[in-house]
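# Here's a sequence, model it:
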Amino acid sequence: MRIETFTVGALQENCYLLLDEDHGAAVLVDPGAEGERLAAAVEATGATLHGIWVTHAHMDHVGGIAAVRRRWPRAPIHLHPADAPLYASAARQGAAYGLPIDEPPPYDHELAEGDEVRVGGLAFQVMHAPGHAPGHVVLHGHGVAFVGDCLFAGSVGRTDLPLSNGAQLASSLERIAALPAATRVLPGHGPATTIATERESNPFLNGVAKVVRR
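Residues are numbered from 1 along each chain as shown. Below is the predicted model of the structure:
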């Protein structure tokens with residue numbers, strides 16, 4: 001397994017290229033912008049793109065999907081259906097921030113709690129983790145968790161956005177914190193961390209601070 005990180009777009013979102021090199025298979029997790037750059041990165045590995053996994057449908061996580069799909073028209077897009085309204089409004093979200101983006105094409109597969117998503121010989125479990133967005137998911141396996149915007153190094157996701165819910169995020173964080181301590185946390189923004197580090201030092205996980213319950 002190989003994971004490459006690409007920080008893209010005006011909001012400096014982390015897109016992850018996940019590779020099973022033994023099978024020549026790849027997926028992109030949250031291609032949020034600069035889709036042509038991301039497509040070129042996949043091509044440079046010699047792998048075939050087998051899918052696009054979306055942790056949540058805020059525009060900075062989906063803005064590069066259209067360009068990637070132009071290169072791989074059959075690469076299926078995976079999204080939790082509770083985020084379908086956000087996904088459908090991605091271009092309007094971008095316009096609200098003065099960031100024009102290509103409207104992403106319709107998604108292909110619905111993610112749900114307890115599902116398994118695979119690329120090559122690698123399998124990841126789907127955890128529905130609402131709060132920052134209603135259809136937010138965490139994808140975890142092989143000692144890694146793609147956590148989107150639920151959890152950051154030293155902080156957590158916003159709950160003041162449309163369709164956000166602080167009480168739900170607090171519950172989701174409890175589940176994320178229960179992952180094995182050595183799990184490497186790959187967030188949607190900022191540096192990677194571990195569950196152990198966040199349990200010890202993140203004020204929202206160690207009881208020093210509380211998520212605002214709007």
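
# ok, and the helix or strand in the protein with the lowest average confidence?
helix 90-96 (a mean of 89; mean pLDDT, DSSP states H and E).

# Give me the contact list for that one.
For helix 90-96, contacts defined as CB atoms under 8 Å, 6 or more residues apart in numbering pick out 57-59, 62-63, 86, 100-104. For every residue, glycine as well, the C-beta is placed using N, CA and C.

# Just the buried positions in it, please.
Buried positions in helix 90-96, judged by neighbour count with 16 or more other CB atoms under 10 Å: 90-91, 93-94.

# dump the residue contacts of Arg2.
Contact analysis of Arg2 by CB under 8 Å, 6+ apart lists 18-19, 21.

# Repeat the analysis, applying 6 Å as the threshold.
Arg2 sits next to 19, 21 when contact means CB atoms under 6 Å, 6 or more residues apart in numbering.

# Against Leu122, how distant is it?
Look at Arg2 and Leu122: by CB to CB, to the nearest Å, they are 10 Å apart.

# Report the distance from the least confident helix or strand of the chain to the chain centre.
Centroid displacement of helix 90-96 relative to its chain, using CA atoms, centre = their mean, to the nearest Å, is 18 Å.

# cool, stretch 12-23 as well?
How far stretch 12-23 lies from its chain's middle: 12 Å, per CA atoms, centre = their mean.

# can you check stretch 87-97 too?
Distance of stretch 87-97 from its chain centroid, counting by CA atoms, centre = their mean, is 17 Å.

# Restricting to C-alpha, output it in CSV.
What follows is stretch 87-97, C-alpha atoms only, in CSV (Å, rounded to 0.1, in the frame of the first residue of the first chain):
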residue,chain,number,x,y,z
TYR,A,87,-23.0,17.3,-3.6
ALA,A,88,-25.7,18.7,-5.9
SER,A,89,-25.0,22.2,-4.8
ALA,A,90,-21.2,22.1,-5.1
ALA,A,91,-21.0,24.7,-7.8
ARG,A,92,-23.2,27.1,-5.8
GLN,A,93,-21.1,26.5,-2.7
GLY,A,94,-18.0,27.4,-4.7
ALA,A,95,-19.7,30.6,-6.0
ALA,A,96,-20.5,31.7,-2.5
TYR,A,97,-16.8,31.7,-1.7
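
# so Leu79 makes contact with Val54?
Yes. With contact defined as CB atoms under 6 Å, Leu79 counts as touching Val54 (4.6 Å).

# ok so, going back, so can I have a markdown table of the buried residues of helix 90-96 showing distance to Arg37?
Below are these laid out as a markdown table (distance: CB to CB, whole Å):
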| residue | distance to Arg37 |
| --- | --- |
| Ala90 | 19 |
| Ala91 | 20 |
| Gln93 | 21 |
| Gly94 | 17 |
